[in-house]
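Visitor: Quick one, structure for this:
(one chain, ligands or ions: 1)
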Amino acid sequence: MPTQKHGATPTVLISRRGADRLRAGHVWVYRSDVVEAQCVSPGALAIVKEAGRREPALSLAKGRPHQTGSSDRNVRATRPPGILGSALYSTASEIAIRMISSKPVGDLEQLLRERVRAAIAYRERFVQNTNAYRVVFSEGDFLPGLIVDRYNDILSFQVLTQAMDSEEMRSAFLSELQSVLNPAAIVERVDPRVRRLEQLPEKESGLISGTKARTEFQMNGIRFEFDALTGQKTGAFLDQRENYAAAAQYARGEALDVFCYQGGFALHLVRSCEKVTGVDSSRPALEVAEQNAALNGREIEWIEANAFDLLRDYSDAGNKYDYIVLDPPAFAKSRRDLPTALRGYKELNLRALKMLRPGGILVTCSCSYHVNAGDLLEVLSSAAQDSHRIVRILENRGQAKDHPSVLGIPETAYLKCVIANASQ
Ligand code: SAH
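Guide: Model (predicted):
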């Protein structure tokens with residue numbers, strides 16, 4: 001019962017370390033920093049206080065969206081002494097607290113509706129050349145635990161937390177999305193692992209409203225198929241949209257798109273390249289990639305293979321390309337995986353650089369949050385030395401603007417995309 005309509009809002013006491021984290025601009029408090037959370041039900045709205053602190057809380061950094069009492073009419077104008085704000089509580093996740101406001105919240109459902117409208121307005125202002133984009137990006141839009149993507153006239157959403165899964169919250173954000181965006185259908189995408197971790201009941205992905213599950217969308221003038229129910233679970237990689245357009249500017253000669261999924265980069269390159277080959281280990285993804293190529297009247301060669309094996313074989317055989325894209329899945333799911341992940345990135349980048357003709361272009365990406373921009377450049381630098389190539393950075397990029405990264409919440413910035421020129 002996130003809104004706690006029939007009783008006082010419960011309080012969670014957190015440690016100094018947790019409070020300092022919030023004061024530094026973050027919105028998460030880990031369970032290890034929760035000192036007391038008695039009678040706080042799963043997904044409840046809670047007041048957050050620092051344990052043992054009686055004096056007024058320090059004033060927080062200015063300009064934080066979840067603290068803007070003036071624009072959020074559903075939070076009280078001033079924060080009572082000692083209160084760090086309001087949060088959505090999880091009884092299961094290691095992230096026990098996700099802040100939703102720096103003040104006590106009067107009407108949570110109304111606040112949620114306002115945040116959804118603000119997220120939509122942000123996209124209207126900053127997203128161009130597409131009818132497919134992320135409408136709500138969880139913490140990036142101060143709607144922690146909610147992801148919503150738009151594919152033309154179909155909305156696809158995913159809830160990641162107990163709070164966002166409650167009936168009240170679901171009906172608030174769904175009715176707001178329906179009334180502002182008027183989609184033909186809304187589809188819920190379920191990640192069983194996330195639901196298990198949040199101790200939420202199992203459920204299947206499926207249509208929530210409307211009957212339409214297939215559509216066509218476009219980005220940068222290229223057409224794509226979307227099938228909400230049978231496609232691979234993510235839909236498209238919307239976070240790469242601006243990188244596709246950037247990568248297309250340098251397209252020429254023969255290109256190899258490694259980890260191509262449904263052909264995002266390949267379809268953008270084929271307009272200017274003589275030949276494009278896409279490689280992925282997923283046959284269903286390649287089937288959609290082929291449909292996408294046909295939809296755009298293009299010919300692309302698709303190869304189902306393990307990218308590591310294929311790059312080794314091709315580089316040993318002396319195959320050469322003018323353009324190579326490396327967009328692997330996240331190798332580092334946690335900080336512990338970092339050394340192994342870096343070895344993986346190194347191998348891919350080394351093989352790719354060796355296979356590039358002089359003057360060739362390398363687009364190398366990492367979507368692992370734990371591999372930061374500096375790590376990726378270091379890997380690339382070491383691969384450049386080992387392959388005796390001079391590598392010039394043309395563009396050092398991140399995720400598209402519909403996946404906003406918020407200062408103070410480093411986890412909202414995860415995608416790196418380096419476009420480089422390699423010479424002898
Ligand atoms: N570049 C794509 C997104 C890639 S996502 C786009 O812009 O749409 C990562 C892809 O890597 C997935 O499609 C997955 O099927 C594929 N993949 C994962 N491990 C692989 C491996 N060892 N070899 C080849 N492909 C792999």
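Visitor: Can you name the residues of the protein that neighbour the ligand?
Guide: Contact residues, the chain versus the ligand (Cβ under 6 Å from any ligand atom): 237, 240, 259-262, 264-265, 280-282, 285, 306-308, 327-329. Glycine gets a C-beta too; all of them are placed from N, C-alpha and C.
Visitor: Identify the residues contacting the residue of the stretch 201-350 of the chain found nearest the ligand.
Guide: The ligand sits closest to G264 of the stretch 201-350 of the chain, with a gap of 2.9 Å, by Cβ to the nearest ligand atom. Contacts for G264 (Cβ atoms under 8 Å, 6 or more residues apart in numbering) come out as A236, F237, Q240, Y244, D327.
Visitor: The third one: how many residues sit nearby?
Guide: The number of residues packed around Q240, counting by other Cβ atoms under 10 Å, is 27.
Visitor: Also the last one?
Guide: Neighbour count of D327, defined by other Cβ under 10 Å: 25.
Visitor: That one contacts Q262, correct?
Guide: No: shown here, D327 and Q262 do not form a contact pair, counting by Cβ atoms under 8 Å, at 11.8 Å.
Visitor: Okay, and which of the residues of the chain next to the ligand map to helices?
Guide: G264, F265, A285, A307, F308 (DSSP state H).
Visitor: Surely the last one and L348 touch.
Guide: This points to F308. Yes: applying Cβ under 8 Å, one finds F308 in contact with L348, separated by 7.4 Å.
Visitor: Those two: which has the busier surroundings?
Guide: L348 (23 against 15).
Visitor: Give me the distance between the closest residue to the ligand within the stretch 1-150 of the chain and M219.
Guide: Relative to the ligand, the nearest point of the stretch 1-150 of the chain is A132 (11.9 Å; Cβ to the nearest ligand atom). Distance, A132 to M219, using Cβ to Cβ, to the nearest Å: 6 Å.
Visitor: K203 contacts R189, doesn't it?
Guide: No: counting by Cβ under 8 Å, K203 stays clear of R189, with 10.9 Å between them.
Visitor: Find residues that contact each of A132 and M219.
Guide: A236, L238, R241.
Visitor: Surely the second one touches L415?
Guide: No: because the distance of 10.7 Å does not satisfy Cβ under 8 Å, L238 is recorded as not touching L415.
Visitor: who touches both of the two?
Guide: Common neighbours of L238 and L415, using Cβ under 8 Å, 6+ apart, are H403.
Visitor: low-confidence ranges in this protein?
Guide: Within the chain, the ranges that satisfy pLDDT under 70 run 1-7, 54-81, 231-234.
Visitor: For the stretch 101-250 of the chain, which segments count as helices?
Guide: Listed in chain order, the helices found in the stretch 101-250 of the chain under DSSP state H, counting those that start in this stretch are 108-126, 167-181, 192-197, 241-248.
Visitor: Show me what the last one is packed against.
Guide: Counting contacts by 3 or more Cβ pairs under 8 Å, 6 or more residues apart in numbering; DSSP states H and E, helix 241-248 packs against helix 264-269, strand 356-366, strand 390-397, strand 416-423.
Visitor: Could you do the second one as well?
Guide: Applying 3+ Cβ pairs under 8 Å, 6+ apart, one finds that helix 167-181 contacts helix 108-126, strand 132-137, strand 146-151, strand 154-159, strand 185-188, strand 206-209.
Visitor: now what about the fifth one, what contacts it?
Guide: Residues external to strand 185-188 that are found in contact with it (Cβ under 8 Å, 6+ apart): 153-159, 174, 177-178, 203, 205-213, 228-229.
Visitor: Can you select the buried ones from those in ChimeraX?
Guide: Remark: buried members of those, expressed as a ChimeraX selection using 16 or more other Cβ atoms under 10 Å:
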select :153,154,155,156,157,158,159,174,177,213,228
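Visitor: for the nearest residue to K320 once chain neighbours are set aside, what are its contacts?
Guide: Among residues not flanking K320 along the chain, R357 sits closest, at 5.0 Å (Cβ to Cβ, 6 or more residues apart in numbering). R357 makes contacts with G253, K320, Y321, D322, as judged by Cβ under 8 Å, 6+ apart.
Visitor: Can you report how many residues lie near the second one?
Guide: Yep, that's K320 we're talking about. Neighbours around K320, by other Cβ under 10 Å: 15.
Visitor: ditto for the third one
Guide: Residues near Y321, counting by other Cβ under 10 Å, number 22.
Visitor: which residues touch it?
Guide: G253, E254, A255, L256, M355, L356, R357, G360.
Visitor: Next: the first one.
Guide: By Cβ under 8 Å, 6+ apart, the contact list for G253 reads C273, E274, Y321, D322, Y323, R357, G360.
Visitor: could you dump the residues you listed to TSV with secondary structure?
Guide: Formatted as TSV, those follow (DSSP: H, G, I helix; E, B strand; the rest coil):
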residue	secondary structure
C273	coil
E274	coil
Y321	strand
D322	strand
Y323	strand
R357	strand
G360	strand
